[in-house]
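> Pasting a predicted model and its sequence here:
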Amino acid sequence: MERLDKIISHKLNITRSEAKSLIKSGSVSVNSLPVKSGDIKIGENDKISVDGKELDTEKFVYIMLNKPEGVVSASEDKNEKTVIDILPEEMKRKNLFPAGRLDKDTTGFALITDDGGFAHEILSPKRHVEKTYIAYLDKPFDAEVVRAFESGMTLGDERLLPAKLSPVRNDFTRAEIVISQGVYHQIKRMFKKFGITVIKLNRIKIGNLSIDESLAPGEARYITEKELLLIKK
């Protein structure tokens, strides 16, 4: 069971204090009865309505985190701070995990959920859900590197899927890369084949969903149902 204000905050993508104010205003009812306290516990069969409209109270959560440097993409770690550790307390719940990994020094869009089926769906090699990154490089890339990315290069014994590479605002030391795999240190290793070092790497998009630019490093918010569809596309 979960607190009513926590559920309202999640479903409406508002802060906990905003949810409490909404409840106190008399706009919220549970099982057709008005309530004015956010601390009541809600069970699986309870029906919540806001201004007469019933909320969809799915059991899974989906969180967008703007991952800062120095945090590992893991549910728990004995030595390092994890993406779960830095979530706001009101967002923490059992079984949360990052859907896909970002390197410790890579920043940007980290997707956190407790829905294993959804994570498998977007991470499956058969789905090829694209991830978009901005890389800051120690030297400019050229047309040869672009062709290599687009044709699908080889890393070790593995043949990669084609990737998209383009300059950011015509600056060839800043690159936008779109990949549909999750090979270990993939982007850094791809550039390294051409003697180029990635100084900084930031993920800005998963599927067709871009990171919320209002989120400062370390901040998080819930992903809406419409936004989930953008990821799957």
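Here it is on my side, so go on.

> which residue packs closest to residue 151, ignoring adjacent ones?
Of all residues not flanking residue 151 in the chain, residue 162 sits nearest, at 6.5 Å (Cβ to Cβ, 6 or more residues apart in numbering). C-beta coordinates here come from the backbone N, C-alpha and C atoms, glycine included.

> The one you found - how many residues pack around it?
Close neighbours of residue 162, defined as other Cβ atoms under 10 Å, add up to 12.

> quick one: pLDDT of it?
Turning to residue 162, the model gives it a pLDDT of 95.

> quick one: it from residue 189, how far?
Going from residue 162 to residue 189 by Cβ to Cβ, to the nearest Å gives 16 Å.

> Isn't the residue nearest to residue 151 up against residue 152?
Yes - using Cβ atoms under 8 Å, residue 162 is in contact with residue 152, at 4.6 Å.

> contacting residues for the residue nearest the centre of the chain?
When Cα atoms, centre = their mean is applied to the chain, the residue found nearest the centroid is residue 111 (2.4 Å). Taking Cβ atoms under 8 Å, 6 or more residues apart in numbering, we find residue 111 in contact with 62, 63, 64, 65, 98, 99, 100, 122, 206, 223, 231.

> change it to 7 Å
If a contact means Cβ atoms under 7 Å, 6 or more residues apart in numbering, then residue 111 has 62, 64, 98, 99, 100, 206 as its contacts.

> Please identify, among these, the one with the most neighbours.
Sorting the contacts of residue 111 by how many neighbours each has (other Cβ under 10 Å) puts residue 206 first, at 25 neighbours.

> Out of the contacts of residue 111, the closest to residue 198 would be?
Distance to residue 198 across the contacts of residue 111 (Cβ to Cβ) is lowest for residue 100, with 18.2 Å.

> what are the bridge partners for the residue of the chain most remote from its centre, then?
Note on the chain: the largest separation between a C-alpha and the mean C-alpha position, by Cα atoms, centre = their mean, falls on residue 33 (35.8 Å). Residue 33 has these beta-bridge partners by DSSP bridges: residue 30.

> Ok, residue 107 next?
residue 202.

> Counting neighbours, what do you get for it?
Neighbour count of residue 107, defined by other Cβ under 10 Å: 22.

> What residues does it make contact with?
For residue 107, the contacting residues are 67, 68, 69, 202, 217, by Cβ under 7 Å, 6+ apart.

> Could you tell me which ranges of the protein sit under the pLDDT cut-off?
Across the chain, the ranges flagged by pLDDT under 70 are 56-58.

> Which stretches in it count as helices?
Using DSSP state H, the helices of the chain run over 4-12, 16-24, 116-123, 143-151, 186-192, 225-232.

> quick one, which of the ones you listed is nearest to residue 92?
Comparison of the helices of the chain against residue 92 by Cβ to Cβ identifies helix 4-12 as nearest, at 10.5 Å.

> Report the buried residues of the closest one.
Under the neighbour-count criterion of 16 or more other Cβ atoms under 10 Å, helix 4-12 has 4, 5, 6, 7, 8, 9, 10, 11 buried.
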